[in-house]
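*Asks:* Structure for this input, please:
(one chain, ligands or ions: 2)
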Amino acid sequence: MADSQANDISKDIVWHEQSITRQQREELLGQQGCVIWFTGLSGCGKSTIANALDAMLHSQGRASVLLDGDNVRHGLCAPAPVLAPQHGQAFADRFGLGFGEIDRQENIRRVGSVAALMATAGLITLTAFVSPYREDRDRARQVVTAAGKPRDFIEVFVDTPLEICESRDPKGLYKKARAGEIAHFTGISAPYEPPESPEIRLDGGSGLSADQMAQQVLAYLQA
Ligand SMILES: Nc1ncnc2c1ncn2[C@@H]1O[C@H](COP(=O)(O)OS(=O)(=O)O)[C@@H](OP(=O)(O)O)[C@H]1O
Ligand SMILES: Nc1ncnc2c1ncn2[C@@H]1O[C@H](COP(=O)(O)OP(=O)(O)O)[C@@H](O)[C@H]1O
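*Replies:* Ligands and ions are numbered 1, 2, ... in the order given. Below is the predicted model:
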């Protein structure tokens, strides 16, 4: 049994109030922090659209940051083989993340928590994760809005049909998944639960460019 389970250490951890408030940080930046949460199948366009939006915001003088699934999985949410050489196998087995349901849950929990911290610092925080489970996204929403206001979490569903994502296959992952070389691949051998009422739905089958879709999100933010 882990130390933390043998003795409820949560009772020994007390929240420390900080002297600089969120409002003061936002005033300094001249903007309000929020989280723009992109979700959708691999290859639907999350990274490209989020990256375009990040660049648009930056060019308007906004302080933004982009957390991208592939990149975050190189560090904060690295898989076991990345952790093992430096930290050992036991550590890697315990904290490394893969793509099973629980691992994705922990991935999104960590990212939701980091995104909430960044929004609290006043940053326009963009996240681009498959985040296939509704419950995990709803938990992220809960964490972000609990640290601020309900409108701080903007869920953007990049609704691109599987056939289009698979035809793009920029990393060859769908091909591998179809060949049975990747387990739990979203849309092929693992589920994707579409958002029921996202703040924004981008129609990935409409033929609009990634820049045009980023403009749609920008228009929502400006409105
Ligand atoms: N099994 C499986 N299923 C889905 N995706 C896979 C898988 N294995 C590797 N990849 C690559 O990892 C990227 C998804 O990571 P995420 O952290 O966004 O996934 S999740 O939110 O935890 O579901 C995803 O990136 P995107 O294509 O940008 O979405 C893939 O490149
Ligand atoms: N709106 C779009 N129209 C056409 N192709 C797109 C569009 N958005 C993205 N793409 C292309 O689709 C591929 C997958 O996009 P990417 O942003 O990597 O998706 P994701 O991050 O969801 O896996 C890339 O080759 C990208 O250039």
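
*Asks:* so how far is Trp37 from the residue of the chain at minimum distance from ligand 1?
*Replies:* Evaluated by Cβ to the nearest ligand atom, the chain has Gly69 as its residue closest to ligand 1, separated by 2.5 Å. No exception for glycine: its C-beta is placed from N, CA and C like everyone else's. Noted for Gly69: a distance of 12 Å to Trp37, by Cβ to Cβ, to the nearest Å.

*Asks:* higher neighbour count, these two?
*Replies:* Summary of the neighbour comparison: Gly69 and Trp37, criterion other Cβ atoms under 10 Å, with Trp37 having more neighbours (31 against 19).

*Asks:* who does the host helix or strand of the more buried one touch, helix- and strand-wise?
*Replies:* Trp37 is located in strand 34-39, with elements delineated by DSSP states H and E. Applying 3 or more Cβ pairs under 8 Å, 6 or more residues apart in numbering; DSSP states H and E, we find strand 34-39 packed against helix 46-59, helix 101-120, strand 124-128, helix 134-146, strand 153-159, helix 210-222.

*Asks:* wait, Glu26 sits on Ile124?
*Replies:* No: with contact defined as Cβ atoms under 8 Å, Glu26 and Ile124 do not form a contacting pair (10.8 Å).

*Asks:* Adding mean neighbour count, distance to ligand 1 and mean pLDDT, write the helices and strands packed on strand 34-39 out as JSON lines.
*Replies:* Conversion of the helices and strands packed on strand 34-39 to JSON lines gives the following (neighbours: other Cβ atoms under 10 Å; distance: least, Cβ to the nearest ligand atom, whole Å; pLDDT from 0 to 100):
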{"stretch": "helix 46-59", "mean neighbour count": "20", "distance to ligand 1": "5", "mean pLDDT": "98"}
{"stretch": "helix 101-120", "mean neighbour count": "19", "distance to ligand 1": "4", "mean pLDDT": "98"}
{"stretch": "strand 124-128", "mean neighbour count": "27", "distance to ligand 1": "7", "mean pLDDT": "98"}
{"stretch": "helix 134-146", "mean neighbour count": "18", "distance to ligand 1": "8", "mean pLDDT": "98"}
{"stretch": "strand 153-159", "mean neighbour count": "23", "distance to ligand 1": "10", "mean pLDDT": "98"}
{"stretch": "helix 210-222", "mean neighbour count": "16", "distance to ligand 1": "13", "mean pLDDT": "97"}
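
*Asks:* That concludes my questions; thank you for your assistance.
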